[in-house]
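# coordinates only, sequence not included:
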């Protein structure tokens, strides 16, 4: 399991515990939620370590990251390389949506510029049905 130490990875029990906790969380959660779940499970891990792991896992494309209207980062293990997230601006509810067209567009733009496509970040927002008025 990867462990962030700057941008370097090493296998540790803390890294394995963070990934295990995240795999049991069905929705996006905050770093403090992950930290509390680890502590409740008896793991001795610092909040800074959780943030460090999340940052590096996101950089590696293993974790999806969204930001709430207040700017708080929320995380979950990546389900698919073509998944995007649509966030309600009113309540913060997040739904996964198919991002295949964005992925295809990104590959095309990169190729036209002579680049090798390595990934993308898209922030989609709107209002959920409960707040559409």
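It's in. Quick caveat, the model's predicted, so the values are computed rather than measured.

# tell me the spacing between the spatially most central residue of the chain and residue 71.
Residue closest to the average C-alpha location in the chain (C-alpha atoms, centre = their mean): residue 64, at 2.1 Å. Distance, residue 64 to residue 71, by C-beta to C-beta, to the nearest Å: 17 Å. From N, CA and C alone the C-beta is placed, and that goes for glycine too.

# can you check residue 102 too?
Applying C-beta to C-beta, the value for residue 102 to residue 71 is 23 Å.

# compare these two (neighbour count), which wins?
The neighbour comparison of residue 102 against residue 71 (other C-beta atoms under 10 Å) goes to residue 102, with 16 against 6.

# which one is that one nearest to, not counting chain neighbours?
In this structure, residue 102 finds its nearest non-sequential neighbour in residue 122, 5.4 Å apart by C-beta to C-beta, 6 or more residues apart in numbering.

# repeat that for residue 86.
Spatially, and ignoring its direct neighbours in sequence, residue 86 is nearest to residue 124 (4.5 Å; C-beta to C-beta, 6+ apart).

# one more: residue 51?
Excluding the flanking residues, the one nearest residue 51 by C-beta to C-beta, 6+ apart is residue 31, at 5.2 Å.

# show the pLDDT at the one you found.
Listed pLDDT for residue 31 reads 95.

# again, but for residue 21
pLDDT, residue 21: 92.

# ditto for residue 62
pLDDT at residue 62 comes out at 80.

# tell me how many other residues surround it.
The tally of other residues near residue 62 (other C-beta under 10 Å) stands at 14.

# tell me where the chain has strands.
Listed in chain order, the strands of the chain (DSSP state E) span 4-5, 8-9, 63-67, 73-77, 83-88, 94-98, 124-126.

# right, and those - which one's nearest residue 106?
Nearest to residue 106 among those is strand 83-88 (11.3 Å), distances taken as C-beta to C-beta.

# mind giving me the domain ranges of this protein?
Domain assignment for the chain by automatic domain parsing gives 1-78, 81-133.
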